[in-house]
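In: quick check, what structure comes out for this input:
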Amino acid sequence: MEEIISMLEKHEQWRAQQSINLIPSENAMSPTVRSLLSSDLGQRYTASDNFYMGTRFIDEIEQYGEKLATEVFRCHEADLRPLSGHIADLIFLACFTRPKDRLLCLSANDGGYPGIWLKGVPSFLKLRVVGFPFSRERMNIDVDQATDTITRIKPKVVIFGASLFLFPHPVTKLAKVAREVGAHVGFDGSHVLGLIAGRQFQDPLREGASVLFGSTHKSFFGPQGGIILADEEHGEILKRRIHPTFVDNAHWNRITALALALAEIKEFGKAYAAQVVKNARTLASGLADLDFPVACSSLRFTRSHQVFLDYGGYKKGRVVAKKLEAANIIADCGVRLGVCESTRKGMKEGDMQKIAEFIDRVVNRRERPQKIKKEVAKFAAEFREVRFCFE
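Out: Sure thing, here's the model as predicted:
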């Protein structure tokens, strides 16, 4: 027992207290949201067929959370039961496709989510996957070529969204074309869900998507899990089929925590999302000034929580990420840099300039990581209190 507790304590001291976390798929929950994960609900069951007794408060929480979700995202139907964004992807695809149907989405080679690319869910469902035509210069879907592709291949499903996601996708222009060939239009908002909720990125359900789905712990600051938001037609089909095919016990402690996170983002989401975008652009600009290969300088670098350092692949990216880790700056091997967690902990534009300087000293100036590590720990200690939440 002592070994397990000790390992956890070391992790929390390092990652939560002494590091700058720039992984774009992570965020910081408020203390109250975190506390709900250890509630009695973590050991309880309920089900839509009313098989279990003693569930009335659990059911009320689920209904309240769904209501909050429909208000935040302005949709007809919401479901909080998917255990992850990946499961939400699976549910959407399984409900609206059959084997040999065509799926059009962003290739993993262009920043698309690998889970819905060739070796992911589509291979299990026996779908034929086609990648959106993509402009590397603009880091976005090529509208004219995509229009031709949709008309030519007539996909059954079109999914917008990405893992490397700097700019809004052209949903408005392409959803109409997709509907004309009979396609179901989805949007994987895993990375940008918090920005969508805060009205700072794009609004897929108003732009032509029928279903918005994804993870609840990236730019959205809830517990790890998934969510589905939809129009009436698609939402009713999805809700009917989720249990027991894709989710049995939906982890009601997680759903309760998610409901509170939805209340937080309803109240504070606009201010949070606006600061996220400001911070991302400031970090990108600061790094560009220090001669880092920041993508899309002509487009002001980003409109999301992500900054992309284009080193041409994971091999060089891994070298950079390892150097940063040695100085307590945590990134992925992409190198995608995300500012969600730092923003939630109260950092603003001036702090982004400081982070850019730390990164420059580690990567370009090649100062000793141990020296910078101490400075990073001291800097991080100033930002432990989670903001944009209820007292």
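In: please name the residues that touch residue 295.
Out: 139, 166, 301, 308, 309, 310 (CB atoms under 8 Å, 6 or more residues apart in numbering). Yep, even glycine has a C-beta here, placed from its N, CA and C like the rest.
In: hang on, I meant residue 220
Out: Applying CB under 8 Å, 6+ apart, the residues near residue 220 are 27, 193, 194, 197, 261, 265.
In: and it, that's in a strand?
Out: No. Applying DSSP: H, G, I helix; E, B strand; the rest coil, one finds residue 220 to be coil, outside a strand.
In: list phi and psi for it.
Out: Backbone geometry at residue 220, expressed as degrees, to the nearest 10, gives phi -80, psi 130.
In: pipe the contacts of residue 220 into TSV and attach pLDDT and secondary structure per row.
Out: Output for the contacts of residue 220, formatted as TSV (pLDDT from 0 to 100; DSSP: H, G, I helix; E, B strand; the rest coil):
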residue	pLDDT	secondary structure
27	98	coil
193	98	helix
194	98	helix
197	98	helix
261	98	helix
265	98	helix
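In: and of the residues you listed, the nearest to residue 45?
Out: Ranked by distance to residue 45 (CB to CB), those are led by residue 261 at 22.4 Å.
In: what separates the closest one from residue 37, distance-wise?
Out: 11 Å (CB to CB, to the nearest Å).
In: and the two? Which one has more around it.
Out: residue 261 (28 against 17; other CB atoms under 10 Å).
In: tell me the contacts of residue 210?
Out: Shown in contact with residue 210 (CB under 8 Å, 6+ apart): 184, 185, 186, 230, 231, 233, 234.
In: restricted to helices, list these.
Out: 233, 234 (DSSP state H).
In: going by distance to residue 240, which of the contacts of residue 210 wins?
Out: Checking the contacts of residue 210 against residue 240 with CB to CB, the nearest one is residue 234 at 10.9 Å.
In: tell me how many other residues surround the closest one.
Out: Residue 234: 22 surrounding residues under other CB under 10 Å.
In: okay, it and residue 16: tell me how far apart.
Out: Residue 234 sits 39 Å away from residue 16, taking CB to CB as the criterion.
In: what of residue 155?
Out: Distance, residue 155 to residue 16, using CB to CB: 43 Å.
In: these two - which one has more neighbours?
Out: A count of neighbours by other CB under 10 Å puts residue 155 above the other of residue 155 and residue 16, at 25 against 14.
In: identify the residues contacting stretch 246-261?
Out: 29-30, 32-34, 36-39, 41-42, 44-47, 58, 61-62, 64-65, 68, 80-83, 87, 90-91, 94, 216, 220-225, 227, 243.
In: can we see that at 6 Å?
Out: 33, 36-37, 39, 41-42, 44-45, 58, 61-62, 65, 80-81, 91, 216, 221-223, 225 (CB atoms under 6 Å, 6 or more residues apart in numbering).
In: cool, stretch 176-194 as well?
Out: So stretch 176-194 is in contact with 85, 92, 96, 147, 150, 154-155, 157-161, 165, 175, 196, 201, 204, 208-212, 214-215, 218-220, 304, going by CB under 6 Å, 6+ apart.
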